[in-house]
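>>> Sequence and computational prediction follow.
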Amino acid sequence: MSEMNWVDKLKAETEKTGSILCMGIDPTETTTPTVSVREFYFQILNEIRRTGIQPAAVKPNLGFFEGMSETHDWLRGLGILRAILDYYQDAGIPLILDAKRGDIGKTAERYAYGDFELKRADALTVNPYLGSDSIRPFAAYCAPEKGGKGVYILCRTSNPSANELQGLPVRDEETGLPASLYHSVANLIRSDWHVPGVGAVVGATSIHDLETIAQELKQFGKEIPLLIPGVGAQGGSAAEVADVLRRVGYDLRICRINSSSGIAEAWRKEHANIDFIDPIFLGSIDYAGAAVREIKKLNTEIGPIQ
């Protein structure tokens, strides 16, 4: 595994699990009313092991741990994150740390060291707003001798106001035609910023833009991993994303479709119309089992990966 780059690792994990699903880890105080965050994700891992149903990656979001309200202590939140990272890393499940880093070169070097060396993340999300010198320290870790890490650059995100900046009109440098700013980011990802392991974050909530970007990245013949958030609570559909990628001819093995609260709070859908105020009932819910059943459902919706 040490001689592999991130693209190789994505393919290998897909072939091992038969999945391209990524389980986001964005815990809040309402995620599991009667089970602690740490215990909840430990129970999910145990259920994954028991059933053999698993995602192809997990993606904890750093912000949910630094601002964890149940602890009232950001350092304790990071301690819980450390424990969850250990659970899943020791189980051999790839870990994409959603930190959305982006700073000047020397600061970026420290972030890259902390996230890849100390936290042992397999891949990381990075904000491109500061340009190439802010991305280069992270991309250096994509080399197999540096660990073969993955770097996902925000391109077309899934949030409602994404187009305030990402949709700004620009002129395509190669064709001279009108384009949007996220097209310029996609062009840099597949050209100047590209090394094997550098990929793009493209949201599932704007399916037309996802298809356009996937077409543009594919036509240049490079293997650009895609991290696709926005499935579930944000409104995106795993089946629709998979259909688009197949229609474009994108290699699904190097894509990861993410769902966070849709998996963690699947128990709410299983118990719709139930009074969640009743503490006895809340204590009887199989939270982890519901999460793994949702993983199975999403894997089925995505369909077989070839």
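Yep, that arrived.
>>> any weak-confidence spans in the stretch 151-300 of the chain?
273-277 (pLDDT under 70).
>>> What segments of it are strands?
Taking DSSP state E, counting those that start in this stretch, the strands of the stretch 151-300 of the chain run over residues 169-171, 178-180, 198-202, 226-231, 255-259.
>>> Of those strands, which is nearest Asp90?
strand 255-259 (20.5 Å; Cβ to Cβ). In this view, the C-beta of every residue, glycine as well, is placed from N, C-alpha and C.
>>> With just CA atoms, put the closest one into CSV.
Output in CSV follows, covering the C-alpha atoms of strand 255-259 (Å, rounded to 0.1, in the frame of the first residue of the first chain):
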residue,chain,number,x,y,z
CYS,A,255,-15.3,8.9,-6.8
ARG,A,256,-16.7,9.1,-3.3
ILE,A,257,-20.3,10.1,-2.8
ASN,A,258,-20.8,11.5,0.7
SER,A,259,-23.8,11.4,3.1
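>>> sorry, back to before: of all the strands of the stretch 151-300 of the chain, which one comes closest to Asp133?
So among the strands of the stretch 151-300 of the chain, strand 198-202 is nearest, using Cβ to Cβ, at 14.9 Å.
>>> What residues sit buried inside stretch 156-175?
Using 16 or more other Cβ atoms under 10 Å as the test for burial, stretch 156-175 gives Arg156, Thr157, Ser158, Ala162, Asn163, Gln166, Gly167.
>>> Check those and tell me the two furthest apart.
Ser158 and Gly167 (13.5 Å).
>>> Now Leu10: which helix or strand?
helix 6-17 (DSSP states H and E).
>>> Could you list the buried residues of that helix?
Trp6, Val7, Asp8, Lys9, Leu10, Lys11, Glu13, Thr14, Thr17.
>>> neighbouring contacts of the very next helix or strand once past it?
The helix or strand immediately downstream of helix 6-17 is strand 21-25, counting by DSSP H and E. Strand 21-25 has contacts (Cβ atoms under 8 Å, 6 or more residues apart in numbering) with 41, 44, 55-61, 64, 84, 96, 98, 227, 229, 238, 256-261, 263-264, 291, 295, 298-299, 302.
>>> now stretch 154-164
Outside stretch 154-164, the residues touching it (Cβ under 8 Å, 6+ apart) are 100, 125-128, 166, 180, 182, 185-186, 189, 200-206, 209-210, 213, 229-230, 234, 236.
>>> Return the residues in contact with Lys222.
Arg190, His194.
>>> And the helices in this protein?
6-17, 37-51, 62-66, 74-90, 105-112, 132-139, 163-166, 181-190, 207-218, 238-248, 261-264, 266-270, 279-284, 287-302 (DSSP state H).
>>> quick one, the helix holding Leu10 and strand 198-202 angle?
Counting by axes from the mean of the first three to the mean of the last three Cα atoms, to 10 degrees, helix 6-17 lies at 70 degrees to strand 198-202.
>>> In terms of secondary structure, what does helix 6-17 contact?
strand 150-156 (3 or more Cβ pairs under 8 Å, 6 or more residues apart in numbering; DSSP states H and E).
>>> before we move on, back to that, dump the buried residues of stretch 156-175 to CSV, plus distance to Ser284.
Converted to CSV, the buried residues of stretch 156-175 look like this (distance: Cβ to Cβ, whole Å):
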residue, distance to Ser284
Arg156, 42
Thr157, 38
Ser158, 34
Ala162, 40
Asn163, 44
Gln166, 44
Gly167, 47
